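Q: dropping the sequence and predicted coords here.
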Amino acid sequence: MKGIRKLAVLLAASAAIFSTIQSPAQSAESSGKAAQAQSAEAAQSEKIRLTRNSAAYWTVTFNNPPLNIVGPTEVRQLVKILDRIEADPNVKVVVFDSSVPGYFVAHYDLLKPLEDSTGMPSGPTGMHPVPDFMTRLSRMKAVTIVSIRGRASGIGSELALAADMRFASREKAVLSQFEVGAGFVPGGGPMAYLPRLVGRGRAIEILIGADDFNGELAERYAYVNRALPDVELDAFVDGLANRIASFDQYAIVETKKLIDRASLPPQAEMQPGWDAFITSVQRPAAQSRVKALVEQGLQQPGDVERNLGHYTAKYRE
Amino acid sequence: MKGIRKLAVLLAASAAIFSTIQSPAQSAESSGKAAQAQSAEAAQSEKIRLTRNSAAYWTVTFNNPPLNIVGPTEVRQLVKILDRIEADPNVKVVVFDSSVPGYFVAHYDLLKPLEDSTGMPSGPTGMHPVPDFMTRLSRMKAVTIVSIRGRASGIGSELALAADMRFASREKAVLSQFEVGAGFVPGGGPMAYLPRLVGRGRAIEILIGADDFNGELAERYAYVNRALPDVELDAFVDGLANRIASFDQYAIVETKKLIDRASLPPQAEMQPGWDAFITSVQRPAAQSRVKALVEQGLQQPGDVERNLGHYTAKYRE
Amino acid sequence: MKGIRKLAVLLAASAAIFSTIQSPAQSAESSGKAAQAQSAEAAQSEKIRLTRNSAAYWTVTFNNPPLNIVGPTEVRQLVKILDRIEADPNVKVVVFDSSVPGYFVAHYDLLKPLEDSTGMPSGPTGMHPVPDFMTRLSRMKAVTIVSIRGRASGIGSELALAADMRFASREKAVLSQFEVGAGFVPGGGPMAYLPRLVGRGRAIEILIGADDFNGELAERYAYVNRALPDVELDAFVDGLANRIASFDQYAIVETKKLIDRASLPPQAEMQPGWDAFITSVQRPAAQSRVKALVEQGLQQPGDVERNLGHYTAKYRE
């Protein structure tokens, strides 16, 4: 695979620059010890932290500074958390949020060798772990709420779309599917979710215009349920989660089943999106655009990540 | 059916409190005399009043104070009205509104024995009269407009969703599907209608968050077409109805057929919703929540009905 | 066909009034010479002008004063332009706009003999050229953006709906599907597109209420992506088009394919809409309404065209 080698080369070339991203937590996290056994201190250093606020209400916090990048390692960790949510009989509601200022989840890791992604074994749905995760997330018995403060691009936006509800900070949220602007197809299912959520016209604008959407515009487009003043966001989401946690689980689950029947994107649309991502990102045209973005500062804290929509449009062949 | 007995018991226990709801009009209404034959005075005392503003424009007014509760008796009356709308060759547009201050339709009658509901013979679609009514309402040749002033919860919201268009008072409308908060699944089809109308994310918030939505937020979520200043609502709805009544019936009907083809929820999703309601409401968990709400004042005029979303979240096991 | 003769009669009766619409450009345009070969001066006189801003970014401008009426002649011209867009390997984005003050596209030509429309040979999809055009427009590899300043009614609104994105002038756009108000069924597919874009309730209001929608309300209803201040509209649309033109074509096309899979109305819904238009417009009830509108000034510059929603509701049998 020539394309894969090129990405690997790109990674090698940039390794020095991005070595700061490799936090000490990363090597520890693959040790496989169950989160239940970890001390509170260890939990604080988890890149993706699971907190049980109560038996019925859990929180998953992206805690992987500086950008909350999600790559193969983090996908494995997310899948483990999903396994535990699915296996637990009592959890009714799960909130996803971030502890990293400025970022919910910046985007998928574009500096890891592509084989790290393509080589992952399929999940229970028979699909690659990324579309598998998104599909299972949408079909969970527990209700899922995403609280977006900072940037949610690429897989960050995709996770938000696959969840049940999305609330955004009016001042501090930035949502985008930047991928087309970087030369490749989004892989985590937004072509299935967005048109059904915001309508075909706005979905095409988000996915092919590929620009940044602030909280207010994201609400106007129904990209999120609501954008709330930043000072109110946490209390609102926590209030809604506690509310649902106080409700009867059977009523929640049976109601959700019928909502799913009316509104879930067909599972058959998910794997093709991932395949289109893998195929498209290997092409020289995409490699060249990603490389240009990386050279300007992609996947490092700074202006490129903060204003990604601006930088994707600056590429000239 | 142990569950059914329990509801009956609940009714018996609360009968004294709720006897005020049984207005004199109730016994009269089952006499079956056609509305055409009734005097104006009798029509004024109908719990659901049919007014022919003209051959083409009719109004159906909920007139069952203090809460416009809809139960088996009122469903039978609604079905009779539907029969007459369907049978009339000239009616082009029907407006549903309320004469009761504060309430469009509070919700389904939770104090009648469940057998009164489960024992009703199927309607023409082969479904129970509630999903049958909703399905036929959506498929009528006549265009239907719901004007919402006051609370439209449960079956009130469901009737509004099954109709063609919904307009709400900006200051005085409150919409909700409170059912999950009371421990059971909504029965009149909102899991089929809402996700297609407002998108999956907002539908889950409405149905599983189960909270109250004022007119302004209902418009932002596309739960209603528009929320209008209260002083403008009646003139707007009347203007729209007169406008449609002035149009050519063939053009209306043929256009609606093609809209239906693109947007009507499949009939097959309706009966499962009703079944889920009946199954879920009989469980002790639901009985216990309903009982707690009734003890606080459910189905009586007062703060519980006015702020139902607040009270459903107060239950503690 | 008695109805067809009636329309022809209507045309004959009104020929004197409407002869001013027959601009010199009309006879020239059927000569079939390719646009590439035309001088800039000839291009300026084209009723529908194709401009290549760059290899990747083209503009199609309605330039048929005073109302940008689209009839059989203009449909043939639009199809030729579509052929060229489809055949070109490099075009990535096409903007549709208008050079005529006050009008994007007023509506379909109601004064030409109906045979001119019904007699057109089918397009590549096997459908009549109008539904064929709309269907092909939605399925093009190139991304399409409609910039609406002035009135977009009937086929103008339908073209906007079949395109990928729609942006409107907040002050100067007026969208409508006025057809039901004139006694016939819309023919260019809005019953397929609108409910999927704005939801069933608002689609019924637009299509059966048949009234005018200004830019602000069109945005609130998701009828357009956004309404922008008039002074910003051109720069915004041009910026978005340039942005997309700078992106990688493969990524655009493959992403659009998956959006199409999730959101394109089935082709099978398009021809029935056209058939319903043809059948309904021939009836005496429709002829009578169209005639009344024409006598008041339909298809002439003036108040009827500017306030079409008002005039359709004034008809009395």
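A: Arrived safely.
Q: tell me where chain A is predicted with low confidence.
A: Flagging of chain A using pLDDT under 70 yields the residue ranges A:1-44.
Q: ok, which residues in it are in contact with chain B?
A: By the rule Cβ under 8 Å from any Cβ of the partner chain, the part of chain A lying against chain B is A:143, A:164-166, A:196-198, A:219, A:222, A:224-226, A:240, A:243-244, A:246-248, A:250-252, A:254-256, A:258-259, A:261-264. Heads up, the C-betas are built off the backbone N, CA and C, glycines and all.
Q: just the ones of those in strands?
A: If you go by DSSP state E, those have A:143, A:165-166, A:226 in strands.
Q: need the CA coordinates for stretch A:57-65. CSV is fine.
A: The C-alpha trace of stretch A:57-65 is given here as CSV (Å, rounded to 0.1, in the frame of the first residue of the first chain):
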residue,chain,number,x,y,z
TYR,A,57,-25.7,8.4,35.7
TRP,A,58,-22.2,8.0,34.3
THR,A,59,-19.8,10.5,32.7
VAL,A,60,-17.2,9.9,30.1
THR,A,61,-14.6,12.7,30.0
PHE,A,62,-12.1,13.2,27.2
ASN,A,63,-8.9,14.0,29.2
ASN,A,64,-6.1,13.9,26.6
PRO,A,65,-4.5,17.3,26.3
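Q: identify each buried residue in it, please.
A: Within stretch A:57-65, the residues that count as buried by 16 or more other Cβ atoms under 10 Å in any protein chain shown are A:57-65.
Q: how about the helices of the stretch 1-150 of chain A, start to end?
A: Assigned by DSSP state H, counting those that start in this stretch, the stretch 1-150 of chain A shows helices spanning A:2-18, A:24-29, A:40-45, A:72-87, A:114-118, A:129-139.
Q: tell me what angle the fourth one forms with helix A:129-139.
A: Looking back up the chat, that one is helix A:72-87. Going by axes from the mean of the first three to the mean of the last three Cα atoms, to 10 degrees, helix A:72-87 is angled at 30 degrees with respect to helix A:129-139.
Q: now for helix A:72-87, which elements pack on it?
A: The contact analysis (3 or more Cβ pairs under 8 Å, 6 or more residues apart in numbering or on different chains; DSSP states H and E) places helix A:72-87 against helix A:24-29, strand A:48-52, helix A:129-139.
Q: what would the ones you listed look like in CSV with distance to chain C?
A: As requested, the helices and strands packed on helix A:72-87 are exported to CSV (distance: least, Cβ to the nearest Cβ, whole Å):
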stretch, distance to chain C
helix A:24-29, 30
strand A:48-52, 28
helix A:129-139, 12
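Q: in whichever helix or strand residue A:309 is part of, what counts as buried?
A: Per DSSP states H and E: residue A:309 is located in helix A:308-312. Neighbour-count burial for helix A:308-312, counted by 16+ other Cβ under 10 Å, picks out A:308-309, A:311-312.
Q: repeat that for stretch A:274-282.
A: Within stretch A:274-282, the residues that count as buried by 16+ other Cβ under 10 Å are A:274-278, A:280-282.
Q: just checking, residue A:215 touches residue A:227?
A: Yes. Assessed by Cβ atoms under 8 Å, residue A:215 is found in contact with residue A:227 at 3.5 Å.
Q: joint contacts of those two?
A: Contact criterion Cβ atoms under 8 Å, 6 or more residues apart in numbering or on different chains; residues shared by residue A:215 and residue A:227: A:168-170, A:173.
Q: how about JSON lines for these, with secondary structure added?
A: As requested, those are exported to JSON lines (DSSP: H, G, I helix; E, B strand; the rest coil):
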{"residue": "A:168", "secondary structure": "strand"}
{"residue": "A:169", "secondary structure": "strand"}
{"residue": "A:170", "secondary structure": "strand"}
{"residue": "A:173", "secondary structure": "strand"}
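Q: top of the residues you listed by neighbour count?
A: residue A:168 (31 neighbours; other Cβ atoms under 10 Å in any protein chain shown).
Q: that one and chain C, how far apart?
A: 18 Å (Cβ to the nearest Cβ, to the nearest Å).
Q: and that residue, what are its bridge partners?
A: Assessed by DSSP bridges, residue A:168 has beta-bridge partners residue A:148, residue A:227.
Q: format the buried residues of helix A:308-312 as a markdown table; extra columns: distance to residue C:79.
A: Output for the buried residues of helix A:308-312, formatted as a markdown table (distance: Cβ to Cβ, whole Å):
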| residue | distance to residue C:79 |
| --- | --- |
| A:308 | 39 |
| A:309 | 36 |
| A:311 | 39 |
| A:312 | 35 |
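Q: list just the nearest of these to chain B.
A: Top of the list for closeness to chain B, among those and by Cβ to the nearest Cβ, is residue A:309 at 22.6 Å.
Q: residue contacts, the closest one?
A: So residue A:309 contacts A:176, A:178, A:181, A:210-212 (Cβ under 8 Å, 6+ apart).
Q: try it again with 7 Å
A: Residue A:309 makes contact with A:176, A:178, A:210-212 under the criterion Cβ atoms under 7 Å, 6 or more residues apart in numbering or on different chains.
Q: around chain C, pick out the residues from the stretch 51-200 of chain A.
A: The stretch 51-200 of chain A comes close to chain C at residues A:180-181, A:183-186, A:191-192, A:195-196, A:199-200, as judged by Cβ under 7 Å from any Cβ of the partner chain.
Q: and with 6 Å instead?
A: A:180-181, A:183-185, A:191-192, A:195, A:199-200 (Cβ under 6 Å from any Cβ of the partner chain).
Q: so which of those comes closest to chain B?
A: residue A:199 (8.7 Å).
Q: what residues are up against that closest one?
A: By Cβ atoms under 6 Å, 6 or more residues apart in numbering or on different chains, residue A:199 lies in contact with C:197, C:222.
Q: give me that answer again for 8 Å
A: Residue A:199 makes contact with A:222, C:196-198, C:222, C:263, according to Cβ under 8 Å, 6+ apart.
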